[in-house]
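# Predicted model and sequence below, questions to follow.
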Amino acid sequence: MKLFVDMHGREYEVDLIEQAGQRELRVDGKVVDLDYREADNLGQLIVMMNGQSYGLSIEGDTHETHVTLAGHSYAVHMEDDRERAANLAAKEASGGGGPVEAVMPGIVVEVLVEEGQAVEEGTPLLILEAMKMQNEIKAPGPGSVAEVRVKAGETVAGGAILLVLKGEE
């Protein structure tokens, strides 16, 4: 199974291959010495990596997941090959425009853009604090800011539309 995983703005290509009861994990083409066991049915895992064990807590669904490791929480977005192709086609068709949503509930710390401002792919749009971590929300593509729907200090729900981008013509 191949997944494209985005964690804190960095993308990883992850391949998990299971054959004859053996698992092989590759991250960005490199084999990772990793094994895991479910601790319960509530999303708790015990991960063994390079001779050390870690407890992970996983919440969310297969697309938007929150992983907690040693008290640090990470927002993780995953998509497989088909989802990636469909999302890229939709992004291309919209010219990079559309709503930018909160991937988790949090507090808007700072809005870094204003309506009408031109942005490039990766331009920081705002800072969202969630689970005591500040996350920089970036433009998914080039365009301009059509509408800002939040302000600093505002609490938002996961999936809330933070702002709307207009794609390049």
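Now that the structure is in, tell me what you want to look at.
# Next secondary structure after the worst-scoring helix or strand of the chain on mean pLDDT?
Lowest on mean pLDDT, DSSP states H and E among the helices and strands of the chain sits helix 81-94, with a mean of 70. Sequence-wise, the next helix or strand downstream of helix 81-94 (DSSP states H and E) is strand 98-101.
# Which residue is most remote from the mean position of the chain?
Relative to the C-alpha centroid of the chain, counting by Cα atoms, centre = their mean, Ala20 is the outermost residue, at 31.8 Å.
# Excluding covalently adjacent residues, which one is nearest to the residue nearest in space to the middle of the chain?
Nearest to the geometric centre of the chain sits His77, at 3.4 Å (Cα atoms, centre = their mean). Closest residue to His77 apart from its sequence neighbours, by Cβ to Cβ, 6 or more residues apart in numbering: Asp6 at 4.4 Å. Backbone N, C-alpha and C define where each C-beta goes, glycine included.
# List the buried residues for the helix or strand that contains the one you found?
Here Asp6, judged by DSSP H and E, is contained in strand 2-7. With burial defined by 16 or more other Cβ atoms under 10 Å, the residues of strand 2-7 counted as buried are 3-4.
# Give me the sheet partners of it and which way each runs.
Strand pairing for strand 2-7, using DSSP bridges, gives strand 10-19 (antiparallel), strand 72-80 (antiparallel).
# weakest of those by average pLDDT?
Ranked by mean pLDDT, the strands paired with strand 2-7 end with strand 72-80 at the bottom, a mean of 82.
# so how far is that strand off the chain centroid?
5 Å (Cα atoms, centre = their mean, to the nearest Å).
# do you know how far Glu35 is from Ser53?
To be clear, residue 35 is Asp; Glu isn't right here. The spacing between Asp35 and Ser53, counted by Cβ to Cβ, to the nearest Å, is 10 Å.
# my bad, should have said Gly158
Gly158 is 30 Å from Ser53, by Cβ to Cβ.
# what about these two, which has more around it?
Comparing Gly158 with Ser53 by other Cβ atoms under 10 Å, the one with more neighbours is Gly158, at 15 against 11.
# how is the protein carved up into domains?
The chain breaks down by automatic domain parsing into domains covering 2-80, 95-167.
# Which of those comes out lowest on mean pLDDT?
Mean pLDDT is lowest for domain 2-80 among the domains of the chain, at a mean of 85.
# That domain: end-to-end distance?
6 Å (Cα to Cα, to the nearest Å).
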